[in-house]
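Enquirer: Sequence first, predicted coordinates after that:
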Amino acid sequence: MSLSNQQLERYSRHIILKEVGGKGQAKLLNSKVLVIGTGGLGAPAAMYLAAAGIGTIGLVDFDAVDLSNLQRQIIHSTRDLGKPKVLSGQETINDMNPDVKVVVYKEWVGSNNIMDIIKDQDYDFIIDGTDNFPAKFLINDTCVLSAKPFSHAGIIRFQGQTMTYIPGKGPCYRCIFKNPPPPDAVPTCRQAGVLGVMGGIIGTIQATEAIKYILGTGDLLNGYLLTYDALKMDFRKIKIPQRKTCQVCGESPSINYLQDYEQAVCDFKNEW
Amino acid sequence: MRISTNGEEVVLESPVTVEELLILLKVEMPEYVTVQINDEFVEREEFSIRDINEGDEIEFLYFMGGGKN
């Protein structure tokens, strides 16, 4: 794939990097990343992926843009209120970068559709931008079972965390957390609040991981949980072992099919 | 006894188990926290019998949802 003159100019600050170059930029333009959830995490992740020239970006979200989203979900604007988030996201990306093909899935992920969505474009990397544990465990299990790399992240209040799963190279999300907490046990952003920039910081790290994975450069967050405390302005990279007894990626896994967990009742409407 | 929890030094006056440490440090939602000592997971069933030792580096890993909405 050769780059056009316009592309050489658009991506010149990438191309000048020895870790990217023309070859690396062509890799990005040929790559496909799926962003599940176009909210606090998915919005900035998708925007940086689009600006970077990721050739195909899938957006998954059933929701419509709500006024309370705009404090942090920067891919959506005031004029988008009421519009499906995937369409609002698609329009923003199209305005940013015509090199990017946006594929939209106006649905919630569940055990019935997630494998088909990933297979639809045979995505290279998946970004978990969801806010709830049933979706997070579903994405983890799907990626482990189908050997797809993905980035997990969570944010609440002034706190954030993220890790990267690379098949065969370190722990999965279930190695750390085993099973979802009971519905309503752990507060959501709706209940506890979240500083708007948290999604920007952590979601942008997720995009960085996707880009580095596609380029095959640098060290990824596989085998580590990166935590961020915005009040203390403290990042910590915690080493995480693979759990031999992990139910999905361990030595004798018991999970070999996808399952849906119960969602918190108070958050069922308008959330994952 | 000096230990660290999530990167911060903690001084304990008497020996404690993981379970007692969770109470002592008022860890939020102790029933859902994942505990790691010196880069290894501690199974929940061992919380009441696993002693904390001098110099242990302890990580409390919390569920974090967030993201969309």
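Expert: Looks like it arrived, so ask away.
Enquirer: which residues of the stretch 101-250 of chain A fall in strands?
Expert: Secondary structure of the stretch 101-250 of chain A (DSSP state E, counting those that start in this stretch): strands at A:101-105, A:125-128, A:150-156, A:159-165, A:224-229, A:234-239.
Enquirer: close to chain B, is the helix-or-strand element of chain A with minimal mean pLDDT?
Expert: The least trusted helix or strand in chain A, going by mean pLDDT, DSSP states H and E, turns out to be helix A:189-192, with a mean of 79. Yes - residues of helix A:189-192 contacting chain B under CB under 8 Å from any CB of the partner chain: A:189-190. For every residue, glycine as well, the C-beta is placed using N, CA and C.
Enquirer: mind listing what's buried in that helix?
Expert: Of all the residues in helix A:189-192, those buried under the rule 16 or more other CB atoms under 10 Å in any protein chain shown are A:189-190.
Enquirer: go on, stretch A:139-152?
Expert: Those would be A:139-145, A:148-152, for stretch A:139-152 by 16+ other CB under 10 Å.
Enquirer: Check the model's average confidence along that stretch for me.
Expert: Averaged across stretch A:139-152, the pLDDT comes to 98.
Enquirer: quick one on the thing from earlier: so which of the strands of the stretch 101-250 of chain A gets nearest chain B?
Expert: The minimum distance between chain B and the strands of the stretch 101-250 of chain A falls on strand A:150-156, with 3.0 Å, by CB to the nearest CB.
Enquirer: Which neighbouring elements make contact with the closest one?
Expert: Secondary-structure packing of strand A:150-156 (3 or more CB pairs under 8 Å, 6 or more residues apart in numbering or on different chains; DSSP states H and E): strand A:125-128, helix A:133-145, strand A:159-165, helix A:189-192, helix A:197-215.
Enquirer: what lines up beside that strand in the sheet?
Expert: Strand A:150-156 pairs in its sheet with strand A:125-128 (parallel), strand A:159-165 (antiparallel), by DSSP bridges.
Enquirer: picking up where we left off before, any idea which of the helices and strands packed on strand A:150-156 scores lowest on pLDDT?
Expert: helix A:189-192 - the lowest mean pLDDT of the helices and strands packed on strand A:150-156, at a mean of 79.
Enquirer: Not counting its neighbours along the chain, what's nearest A:Ile75?
Expert: Spatially, and ignoring its direct neighbours in sequence, A:Ile75 is nearest to A:Ala43 (3.8 Å; CB to CB, 6 or more residues apart in numbering or on different chains).
Enquirer: Check what contacts the helix or strand hosting the one you found and list those residues.
Expert: Using DSSP states H and E, A:Ala43 sits within helix A:42-52. Contacting residues not belonging to helix A:42-52 are listed as A:14, A:28, A:33, A:35-36, A:38, A:57, A:59, A:61, A:72-76, A:89, A:92-93, A:96-97, A:100, A:102, A:127, A:129, A:199-200, A:203-204, A:206-208, A:210-211, B:67-68 [CB atoms under 8 Å, 6 or more residues apart in numbering or on different chains].
Enquirer: Looking at residue 11 now. What's its pLDDT?
Expert: In the absence of a named chain, this looks at chain A. 98.
Enquirer: The chain in question should be chain B.
Expert: pLDDT at B:Val11 comes out at 97.
Enquirer: Roughly how far does A:Val109 sit from A:Ala192?
Expert: 23 Å (CB to CB, to the nearest Å).
Enquirer: Could you list the low-confidence segments of the chain?
Expert: Assuming you mean chain A. Where chain A drops to pLDDT under 70, the residues are A:264-272.
Enquirer: I was thinking of chain B, sorry if that wasn't clear
Expert: B:66-69.
Enquirer: So which residues of it form strands?
Expert: B:2-5, B:8-11, B:34-37, B:40-42, B:57-61 (DSSP state E).
Enquirer: what about A:Gln263, how many neighbours?
Expert: Residue neighbour count, defined by other CB atoms under 10 Å in any protein chain shown, stands at 18 for A:Gln263.
Enquirer: and it, how far is that from A:Phe137?
Expert: Counting by CB to CB - A:Gln263 and A:Phe137 are separated by 11 Å.
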